[in-house]
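A.B. asks: What follows is a predicted protein model with its sequence.
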Amino acid sequence: MTAATQLDTNLDELRAMSLRETPASDSREALIFGIYDRLLDHGHCSADVVLAPADADGEPDWDNTGPANVSSLPADEWPDDQLAARRAAVIVDNIDGCSEESSFIVAVQDDNPLIIQIAGPEADRDIAHAIIARDIGAAPVVRPPSKFAESFAKLGEELFRPVPVAANDNKPAPAAKTAGTTAVPVINPADWHGDPVPVREWYCEGLIPMRTVTILNGDGGVGKSLLALQLAAAGAMGLDTLSMEPLSGRTLVLGAEDDADEFQRRLDDIAKAHGKELDALSMLRLIPLADRDALLAVPDRAQVMQPTPLWRGIETYARDFKPKLIILDTAADLFGGDEIKRSQVRQFIAMLRKLAMEIDCAVVLLAHPSVQGMASGTGSSGSTAWNNSVRSRLYLTKGDKDADPDIRILKTMKSNYGKTGDEIRIKWKDGIFVLDDGKPSPSSALVNVRAERVFRDVLSAINRSGERVAKTKGLNYAPKVMAERPDAEGLSAKLLEAAMQRLLAAGELRVVMEGPPSKPRQRLMLEAECYGAAE
C-alpha cells in the first residue's frame, strides 16, 4: 500500500458541506460527510462512507485496508462508539482517468485529511490525488520530481526557448507540463468578458433541463408512463404536445414494466391523436424489459453502486444513437441499491447524469412516491437524496376524483433552473393525455347524473320522514347528513354538495321557512314536492 499523503484544505469549509442535520459543525461526522458530499457533487468519481478494519487496539488499520475488507455504516448511521467513528473514512473509486481497479481512502487523522491508495496501479496515484484534492477544495499534492523528470526538464530548457509574449497580451503563457502529471482544466472567469453568455438549454422549457436528470414522480396507475411516452413520441415526430413544446430529435425509452405489445398500442393511440401513423416514429427507439432483469446498477461488497452489463450496453447504444431524450421507467425496477441509503441513490443519479452530459441529452427517471410522499403531497420517494440529487422533479397526481376522475395535475416540485409551483392540468381522453378544457368528461358526466339522482331520492325520503335538512352549513347541512345515510350509495359529502348546487341553479330545489316568526327554520325541499309551501 502506498504511504498516506496529507491534504492541505479548509476543514471548516468541508464541515459546512455536510447535508446531514444531526452532527455539530465541528464534528468528525460533519467533516467526513462534507468530503463525501463534495466528491459526489463534482461527479468525477464514486464515493461512499465506510468503516476501515481495526487493529488490536481498535484503532483504524490503514495499512491493511482494502476494497474487500471495508464495511458500510451500520444502518447507514454514524457510529455511536468513538473508536468505531475513528475508523470512518470515504472510499473513492471509478475515478476519471484511472484504472477500474484503483481505490483510495480519504481519512481524517488528528483533524488532518489523508489520502491513501488501497488498490490499483501506483501510476494512478497522481491522477487520483489531483482529482480528489481539486474536488474537496484542497491544494494540489506536491511531490518532488523524479531524477528522470529533472533531467527531462533540463533537456527541454536547452532545446526550446520560451515563446515571447507581446506587451499588450494579458493572457499568461501556457504552463509547461511536468512528467507524471495530468493537465487540470482551470478557467479564469475574467476570460469570458465580452463573450455571449450561453443560453440555458431545455428539452421542455421550464420543466426538463438538458444535460442532467429529471425525476417524474407519480402514484401507481396515474399515467406517468403514458405521459413520458407521449412526450418522447412528440419529440421524435417534431410536434408539440400538451403545450410543452419538446425539443425535436431522437428519443430513447426504456420500459421495465411494459412489453412490446403495450408500447405498440399506446404509440398507435398517440400517433393517431396527432393525425399520424406509426411510420412517423422512426426517430424513437424502445427497450422493453418487462420479461427480464432490468437493473442498471447494483452495490458491490463495499456497498458502492456499480453499473451492470445492461447499463454498459445502453450507454454504448446511446452514444451511437445520440438521443435528445432518454426515458427510464421506473426507478424501482432499475435501481438495485437501498433507496433509503443516500450514498447509493446519489451514485446512481450521478451515473445517469454522466451519460446525459456526455451525449448532450435530457434524462427523465420515473419513480413511485413513498407513502409519506403521497400523504404530504410532495410526491417524494425514499431517501431525500432522490430529490436532492436531481436538478428538476415533477409530480403527476390525480385531480379531484369526485369532480372528474380523468383529470391529472403535473406539478413542478423542484427546479434549480426555473420556477417551482407551476401546474399543468391535463385529462385522459381516448388513450392519451390532452389539456383540460374545463368541460366534464363523459365519465364525470355520468357521475354527476348519478349524484343528482341520489340527492333527489334521499332528500325526498328525509322530508317524508319528518326530518329537516338545510342548504346552509350546520348540524343539519343536507350534503353532510345525506352522506351518512345508507341510501346515499356511498357518495361523498363533497360530491353531494356539488349536486345540490347544480339542482339549486336548475330550480329543482326550494328553501322554505317553517316555524314561528320569532324563530324561523330552513327546510330544503324538492320543487316538485313543495305543494304551495312558502319560501
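C.D. replies: That came in fine, so what should we check first?

A.B. asks: May I ask you to confirm that Ser99 is in contact with Gly120?
C.D. replies: Yes. Between Ser99 and Gly120 there is a contact at 5.2 Å, judged by CB atoms under 8 Å. Backbone N, C-alpha and C define where each C-beta goes, glycine included.

A.B. asks: who has more neighbours, those two?
C.D. replies: Gly120 (20 against 15; other CB atoms under 10 Å).

A.B. asks: OK, contacts around the more buried one?
C.D. replies: 98-99, 101-103 (CB atoms under 8 Å, 6 or more residues apart in numbering).

A.B. asks: From the residues you listed, pick the one nearest Asp57.
C.D. replies: Ser103 (24.9 Å; CB to CB).

A.B. asks: Report how many residues lie close to that closest one.
C.D. replies: 27.

A.B. asks: Show the model's pLDDT score for it.
C.D. replies: With respect to pLDDT, Ser103 scores 91.

A.B. asks: For the stretch 51-200 of the chain, give me the ranges with low pLDDT.
C.D. replies: For the stretch 51-200 of the chain, applying pLDDT under 70 flags the ranges 138-182.

A.B. asks: let's see it at 80
C.D. replies: Scanning the stretch 51-200 of the chain for pLDDT under 80 picks out 74-76, 109-113, 137-185.

A.B. asks: any idea where the strands of it begin and end?
C.D. replies: Using DSSP state E, counting those that start in this stretch, the strands of the stretch 51-200 of the chain run over residues 71-72, 88-93, 103-109, 112-119.

A.B. asks: Check the stretch 201-350 of the chain too.
C.D. replies: Along the stretch 201-350 of the chain, the stretches classed as strands by DSSP E, counting those that start in this stretch are 202-204, 208-209, 213-218, 251-255, 284-288, 297-299, 305-307, 325-329.

A.B. asks: for the strands of the stretch 51-200 of the chain, which one sits closest to Arg250?
C.D. replies: Taking the strands of the stretch 51-200 of the chain one by one with CB to CB, strand 88-93 is closest: 32.8 Å.

A.B. asks: What distance do you get for Val90 to Gln306?
C.D. replies: Counting by CB to CB, to the nearest Å, the separation of Val90 from Gln306 is 17 Å.

A.B. asks: The two: which has the busier surroundings?
C.D. replies: Shown here are Val90 and Gln306; by other CB under 10 Å, Val90 has more neighbours (27 against 18).

A.B. asks: hey, what's the more buried one bridged with?
C.D. replies: Going by DSSP bridges, Val90 is paired in beta bridges with Val49, Val106.

A.B. asks: Pull the contacting residues for it.
C.D. replies: Per CB under 8 Å, 6+ apart, neighbours of Val90: 32, 35-36, 39, 47-50, 105-107.

A.B. asks: Export those residues as a markdown table, with columns for neighbour count.
C.D. replies: Formatted as a markdown table, those follow (neighbours: other CB atoms under 10 Å):
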| residue | neighbour count |
| --- | --- |
| Ile32 | 27 |
| Ile35 | 31 |
| Tyr36 | 27 |
| Leu39 | 24 |
| Ala47 | 28 |
| Asp48 | 27 |
| Val49 | 21 |
| Val50 | 23 |
| Ile105 | 24 |
| Val106 | 22 |
| Ala107 | 23 |
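
A.B. asks: Tell me, how many residues neighbour the nearest residue to Gln344 once chain neighbours are set aside?
C.D. replies: Spatial nearest neighbour of Gln344, excluding adjacent residues (CB to CB, 6 or more residues apart in numbering): Gly337 at 3.5 Å. For Gly337, the neighbour count with other CB under 10 Å is 19.

A.B. asks: Tell me where the stretch 401-535 of the chain has helices.
C.D. replies: Using DSSP state H, counting those that start in this stretch, the helices of the stretch 401-535 of the chain run over residues 442-464, 478-483, 493-505.

A.B. asks: try the stretch 1-150 of the chain
C.D. replies: Under DSSP H, counting those that start in this stretch, the stretch 1-150 of the chain gives helices at 11-17, 28-42, 82-86, 125-135, 147-159.
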